[in-house]
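> I need the structure of the sequence given here:
(one chain, ligands or ions: 3)
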Amino acid sequence: MTGLRSLRATAGEGGRAAAAGDQRRRSATRARRAAVAAGVAAAMLAGAALVAAALPQPAAAQAARTPLPVLAPARTGSRCVEPPELMRRLHMQLLRHQRDLTVHAGERGSKYRLQGCIDCHASAATGSVAAAPTDFCVGCHAYAAVRIDCFECHNPKAAPLALAKGQR
Ligand code: HEC
Ligand code: HEC
Ligand code: HEC
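Ligands and ions are numbered 1, 2, ... in the order given. I've put the predicted structure just below:
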């Protein structure tokens with residue numbers, strides 16, 4: 001009888017001890033999970049910060065970092081002839097290639113024609129891509145210390161119709 005009771009008591013205590021052990025293990029697991037989650041979140045934040053740093057930022061957000069040129073926006077609701085990140089790197093090749101196609105092969109009306117760039121990128125204030133310091137072509141070139149002679153012959157102004165269409 002005593003034996004049985006003490007056996008039960010022992011079992012009961014053992015059960016409680018086991019339960020307490022479970023509890024400890026569970027809360028340890030929870031703590032580990034929380035730590036892992038916090039770590040992952042921190043890593044993600046760091047990653048996001050890296051990605052954000054690698055992307056071009058609006059001038060205001062960049063105030064404390066490298067300043068970027070302030071450029072007049074393109075015609076409202078339009079899309080460039082190629083993705084802007086490609087255009088940033090490739091526009092000179094596209095333009096030179098298009099000039100050769102036009103001048104030597106007589107190709108007209110291509111989407112890469114210079115007048116097309118100007119019609120979308122001329123600023124509201126000047127109607128030009130190369131009059132004011134914030135005008136599109138000259139704004140970026142001044143920043144990058146690039147000189148082009150294109151506008152000694154080509155008119156840097158948008159066609160009046162293009163300006164009207166852009167509702168500037
Ligand atoms: C139909 C309108 C349109 C035409 C045509 C066009 N663009 Fe764009 N371009 C845009 C838009 C919209 C953007 C996105 C940036 C913006 O809103 O200013 C852009 C972006 C760019 C960028 C990147 C600007 C930046 O801030 O990094 C360059 C460079 C560029 N265009 C050059 C050209 C050149 C050169 C041509 C002619 C071969 C051209 N574009 C023709 C509308 C146009
Ligand atoms: C000495 C004058 C002169 C200079 C400088 C000049 N061009 Fe041209 N460009 C012309 C003439 C003339 C044509 C032929 C126009 C036509 O037949 O429609 C032409 C045609 C073009 C064309 C094809 C037509 C079009 O509207 O797209 C492109 C593109 C072009 N030039 C780009 C440039 C670029 C970029 C520069 C600067 C690196 C430049 N040109 C400098 C005179 C010049
Ligand atoms: C986002 C900045 C940016 C904008 C906007 C921009 N350019 Fe450029 N452009 C550059 C850079 C940077 C170079 C020099 C690239 C190099 O040297 O490899 C360049 C080079 C060029 C060249 C070649 C010059 C040479 O000496 O070979 C031409 C032509 C040109 N740009 C035309 C234009 C025209 C036209 C526009 C407006 C429609 C324009 N660019 C707008 C950044 C820009």
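> just the pLDDT for the nearest residue to Ala142 once chain neighbours are set aside.
The shortest distance from Ala142 to any residue other than its chain neighbours is 6.5 Å, reached at Pro133 (CB to CB, 6 or more residues apart in numbering). Bear in mind the C-beta positions are built from the backbone N, C-alpha and C, glycine included. Looking at Pro133, its pLDDT reads 96.
> could you report the neighbour count for Cys120?
20 (other CB atoms under 10 Å).
> what do you get for the one 4 residues further on?
Other residues within reach of Ala124 by the criterion other CB under 10 Å amount to 13.
> quick one on the thing from earlier: confirm the residue nearest to Ala142 sits in a strand?
No - under DSSP: H, G, I helix; E, B strand; the rest coil, Pro133 sits outside any strand and is assigned coil.
> on the C-terminal side of the lowest-mean-pLDDT helix or strand in the chain, identify the next helix or strand.
The weakest-scoring helix or strand in the chain, judged by mean pLDDT, DSSP states H and E, is helix 2-54 (a mean of 49). Note on helix 2-54: by DSSP states H and E, the next helix or strand toward the C-terminus is helix 84-105.
> for Ile148, grab phi and psi.
Per-residue torsions, Ile148: phi -120, psi 150 (degrees, to the nearest 10).
> what sits closest to it if chain neighbours are left out?
Per CB to CB, 6+ apart, closest to Ile148 is His141, 6.4 Å.
> related to what we said a few turns ago, so how far is Leu68 from the residue nearest to Ala142?
Counting by CB to CB, to the nearest Å, the gap between Pro133 and Leu68 amounts to 14 Å.
> higher neighbour count, the two?
Higher neighbour count among Pro133 and Leu68: Leu68, with 14 against 10, using other CB under 10 Å.
> what about the nearest residue to Arg147 once chain neighbours are set aside, neighbour count?
Nearest non-adjacent residue to Arg147, counting by CB to CB, 6+ apart: His141, 7.0 Å away. The local packing of His141 (other CB under 10 Å) involves 15 other residues.
> then Ser78?
13.
> if I look at the residue nearest to it when sequence neighbours are not counted, how far off is ligand 2?
Take Ser78 and drop its neighbours on the chain: the residue closest to it by CB to CB, 6+ apart is Cys120, 5.3 Å away. Distance check for Cys120 against ligand 2: by CB to the nearest ligand atom, to the nearest Å, it reads 13 Å.
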